[in-house]
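Undergrad: next come a sequence and a model predicted from it.
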Amino acid sequence: MWLVCAAEIGSRLAATSVTIRRCLRLGVTMAKSKFEYVRDFEADDTCLPHCWVVVRLDGRNFHRFAEKHNFAKPNDSRALQLMTKCAQTVMQELEDIVIAYGQSDEYSFVFRRKSNWFKRRASKFMTLVASQFASSYVFYWRDYFADQPLLYPPGFDGRVVLYPSNQTLKDYLSWRQADCHINNLYNTVFWALIQQSGLTPVQAQERLKGTLAGDKNEILFSQFHINYNDEPQMYRKGTVLVWQKVDEVRTQEVRLPAEMEGERMTVTRTRTRPVPLYCDLIGDAFWKEHPDILSGEN
Ligand SMILES: Nc1nc2c(ncn2[C@@H]2O[C@H](COP(=O)(O)OP(=O)(O)OP(=O)(O)O)[C@@H](O)[C@H]2O)c(=O)[nH]1
Ligand SMILES: [Mg+2]
Ligand SMILES: [Mg+2]
């Protein structure tokens, strides 16, 4: 018995020493290699504590991408809905995103102030959002563009910005929504002048030079009988994604008494999902209606 154990221990020691010798030959020590010092070259990109972390993505050269893929002008609802599907996927797959806002080829994601996801490393936040979003864009493309093949892989740039207070975060989101409004009003008149009045892009640009918002509204109304306020909210306001409880109804096989075996029943489950809203973010009403988003808990 003792001899068997000794033989076993002997053979294990031999195997271990082979490993040690192999490690030494490769310049590796068991605990730390001599190469370990290169870790010190990694920059510390920890996001400041107590700040809201915002990741904003923007489509790379989407002017060309929209042309190549025959996006409707000035707004393609398929493209906007695909962007929102990708943003919902990001919110569901990643941690700690409390609200997102999207318009045109961009989406902003707000991580909760107290988030400690990946120890608040900016590069982790940014790359995970960008890669999850881009892969979703390709994955869900066909669901939104059934008749338009995807011709080449799209890319998205990302940036991380920290906002130190609730007011600066609200002002950030207001800035993006104001940008959506300014661009959409301009684009709506610009394309009406081209598509309905037959102007060239250069002529349309000339016509709009120096005009204010009121002038553009007036051109739309008097020349094209378009009341800008009747344009779809999704185009004018962009898309806000917030977590809300929704009832999901599914038909499924359930365990039933023997005589009813094989019956299918509808089952309703309440889930929390990122739900799109097309509303104003600039005034106080939204924040009063959704006090939980900015609450101290986050
Ligand atoms: N036709 C059409 N074009 C769109 C739509 N949404 C976005 N775009 C295009 O995407 C562009 C987005 O603008 P930017 O993000 O400033 O420019 P970009 O071409 O993506 O260039 P970079 O972001 O600098 O790489 C717009 O100027 C449009 O040309 C849409 O719904 N319809
Ligand atoms: Mg872009
Ligand atoms: Mg853009």
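TA: Done, it's in. As the structure is a prediction and not an experimental result, all values here were calculated from the model. Ligands and ions are numbered 1, 2, ... in the order given.

Undergrad: make it CA atoms for all contacts and neighbour counts henceforth
TA: Will do.

Undergrad: residues from the stretch 101-250 of the chain in reach of ligand 1?
TA: Counting by CA under 6 Å from any ligand atom, the residues of the stretch 101-250 of the chain close to ligand 1 are 104-105.

Undergrad: hmm, try it at 8 Å
TA: 103-106, 157 (CA under 8 Å from any ligand atom).

Undergrad: just curious, which of those residues is nearest to residue 89?
TA: Of all those, the one with the least separation from residue 89 (CA to CA) is residue 106, at 15.0 Å.

Undergrad: what helix or strand is the closest residue to the closest one other than its chain neighbours on?
TA: Excluding its sequence neighbours, the residue lying closest to residue 106 (CA to CA, 6 or more residues apart in numbering) is residue 58, at 4.2 Å. Residue 58 is part of strand 52-59, with elements assigned from DSSP states H and E.

Undergrad: following that strand, which helix or strand shows up next?
TA: Moving toward the C-terminus from strand 52-59, the next helix or strand (DSSP H and E) is helix 62-68.

Undergrad: now do that following helix: everything it contacts.
TA: 105, 151, 154 (CA atoms under 8 Å, 6 or more residues apart in numbering).

Undergrad: pull out the buried residues from it.
TA: 62, 65 (16 or more other CA atoms under 10 Å).

Undergrad: and the helix or strand just after that helix, average pLDDT?
TA: Using DSSP H and E, the helix or strand that directly follows helix 62-68 along the chain is helix 77-93. For helix 77-93, the mean per-residue pLDDT is 98.

Undergrad: and what of stretch 177-185?
TA: Taken as a whole, stretch 177-185 carries a mean pLDDT of 98.

Undergrad: mind checking which of the residues of the stretch 101-250 of the chain next to ligand 1 land in strands?
TA: Among those, the ones falling in strands (DSSP state E) are 103, 106, 157.

Undergrad: ok, the second one - contacts?
TA: Same thing as residue 106. For residue 106, the contacting residues are 56-59, by CA under 8 Å, 6+ apart.

Undergrad: closest residue of the stretch 1-150 of the chain to ligand 2?
TA: For the stretch 1-150 of the chain, the residue closest to ligand 2 is residue 59, as judged by CA to the ion, at 4.0 Å.

Undergrad: partner residues bridging that residue?
TA: Note on residue 59: beta-bridge partners by DSSP bridges are residue 156.

Undergrad: what's the burial count for it?
TA: Residues within reach of residue 59, counting by other CA atoms under 10 Å, total 18.

Undergrad: chain center to the helix of greatest length in the chain, what's the gap?
TA: For the chain, the helix with the greatest residue count under DSSP state H is helix 166-195. Distance of helix 166-195 from the chain centroid (CA atoms, centre = their mean, to the nearest Å) equals 19 Å.

Undergrad: that helix to strand 52-59, inter-axis angle?
TA: 20 degrees (axes from the mean of the first three to the mean of the last three CA atoms, to 10 degrees).

Undergrad: report the buried residues of helix 166-195.
TA: For helix 166-195, burial by neighbour count (16+ other CA under 10 Å) applies to 169-170, 172-174, 176-178, 180-181, 184-186, 188-194.

Undergrad: and the closest residue to ligand 1 within the stretch 101-250 of the chain, how many neighbours does it have?
TA: Ligand 1 sits closest to residue 104 of the stretch 101-250 of the chain, with a gap of 4.1 Å, by CA to the nearest ligand atom. Applying other CA under 10 Å, we find 20 residues neighbouring residue 104.
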